[in-house]
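Visitor: sequence and predicted model, in that order:
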Amino acid sequence: MNGYDAPAARSKKEKRTHREKPYTLATVAMVDDRDVTLPLWKRLSTPGTKVRIRKDSKYFGEATGIGTVVGPSKRPGWSDVRFNDGYRNGYRTGRKDGRGKVDLEPVRQGKGATAILALNNRVLGLPIPSDLSLQAGDTVKVDDRDLRICGIAKTH
């Protein structure tokens, strides 16, 4: 004997139900969650809006995770945000005229958001499940059978 034990033969039923890898990993290239009913500065100033600090903001890393807009700040073009860990601060939301710096981005809250994915040398747009919050660079699990996002493998 060479020390190698052959795997036990599987029954026909086991062969049908067994899957080596039930999902494929894909990289999120972009999240499309456009809400054209309100301008961005207004959404970022509306109490209750879920937000996160943009990666290109000078305040990125100051607070992690998702925050909630408490309301507009006393300074024009700023909003007060409270994060899930209790941290609270003001961030730039831009101005009514579309000018000014923006430190925040809204986090998808409702149905209809789409993740643009790079999957097996293809670009696909798949709906984001309501229990997930994705951003560009995240790695997601995509169910091979029905091409749906079934979880997050790694966040960016």
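Guide: Structure's in. What do you need?
Visitor: hey, let's count contacts and neighbours off CA atoms from now on
Guide: Noted.
Visitor: endpoint to endpoint, stretch 129-141 covers what distance?
Guide: Stretch 129-141 has an end-to-end distance of 12 Å (CA to CA, to the nearest Å).
Visitor: now the element after the helix or strand harbouring L126, going C-ward?
Guide: Assigned by DSSP states H and E, L126 falls within strand 122-127. As assigned by DSSP H and E, the chain's next helix or strand after strand 122-127 is strand 139-143.
Visitor: please report how far the residue nearest the centre of the chain lies from P72.
Guide: Centroid-nearest residue in the chain: L134, 0.9 Å away (criterion: CA atoms, centre = their mean). Distance, L134 to P72, by CA to CA: 26 Å.
Visitor: show the contacting residues for the closest residue to the residue nearest to the centre of the chain other than its chain neighbours.
Guide: Counting by CA to CA, 6 or more residues apart in numbering, V31 is the residue found nearest to L134 once chain neighbours are left out, at 7.1 Å. Contact partners of V31, counting by CA atoms under 8 Å, 6 or more residues apart in numbering, are 113-116, 134-136.
Visitor: reformat the residues you listed as CSV; add distance to I149 and pLDDT.
Guide: What follows is those, written out as CSV (distance: CA to CA, whole Å; pLDDT from 0 to 100):
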residue, distance to I149, pLDDT
A113, 12, 73
T114, 10, 77
A115, 9, 80
I116, 11, 80
L134, 11, 81
Q135, 13, 79
A136, 14, 79
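Visitor: and these, which is closest to P76?
Guide: When the contacts of V31 are ranked by distance to P76 (CA to CA), Q135 comes first, at 28.0 Å.
Visitor: longest strand of the chain?
Guide: The longest strand of the chain (DSSP state E) is strand 23-32.
Visitor: parallel or antiparallel, which strands does it pair with?
Guide: strand 114-119 (antiparallel), strand 139-143 (antiparallel) (DSSP bridges).
Visitor: by mean pLDDT, show me the worst of those.
Guide: Least confidently modelled of the strands paired with strand 23-32 is strand 114-119, at a mean of 80 by mean pLDDT.
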